[in-house]
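> what's the 3D shape of this:
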Amino acid sequence: MSVTQPNTEQESARKAFLFCPGCSHAAPAGDGWSVDDHDDRTDIGCPNCGTVVVSQPYFDAGHRSTPITA
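This is a model prediction of the structure:
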């Protein structure tokens, strides 16, 4: 019996992609998506159509962090 090891490079790349429901644009998280910081959240928008694909609230109002990028 042969055991196949998972391709960790492929797995991490797949998890780092964002998909736009508005125009079907797909790209790595750190590849051109617009990032807008607000007082209470960070929005990540599609570079093609402007649809917000991620809106991440800040759980601590004093904590300003950047979104995770690949």
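
> going forward, measure contacts and count neighbours with C-alpha atoms only.
Fine.

> where does this structure dip in pLDDT?
1-15, 61-70 (pLDDT under 70).

> one more time with 50, if that's ok
Residues of the chain meeting the criterion pLDDT under 50: 13.

> Would you state the helices of it in chain order?
8-15 (DSSP state H).

> how deep is the residue nearest to residue 28 when sequence neighbours are not counted tucked in, by neighbour count?
Nearest non-adjacent residue to residue 28, counting by Cα to Cα, 6 or more residues apart in numbering: residue 17, 4.2 Å away. For residue 17, the count of nearby residues is 15 (other Cα atoms under 10 Å).

> cool, residue 37 as well?
Neighbour number of residue 37 under other Cα under 10 Å is 16.

> quick one, what contacts the residue nearest to residue 28?
Contacts for residue 17 (Cα atoms under 8 Å, 6 or more residues apart in numbering) come out as 26-29.

> please redo it, this time with the cut-off set to 6 Å
Residue 17 sits next to 27-29 when contact means Cα atoms under 6 Å, 6 or more residues apart in numbering.

> Pipe these into JSON lines and attach neighbour count and distance to residue 45 per row.
Converted to JSON lines, the contacts of residue 17 look like this (neighbours: other Cα atoms under 10 Å; distance: Cα to Cα, whole Å):
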{"residue": "27", "neighbour count": "17", "distance to residue 45": "12"}
{"residue": "28", "neighbour count": "16", "distance to residue 45": "13"}
{"residue": "29", "neighbour count": "19", "distance to residue 45": "11"}
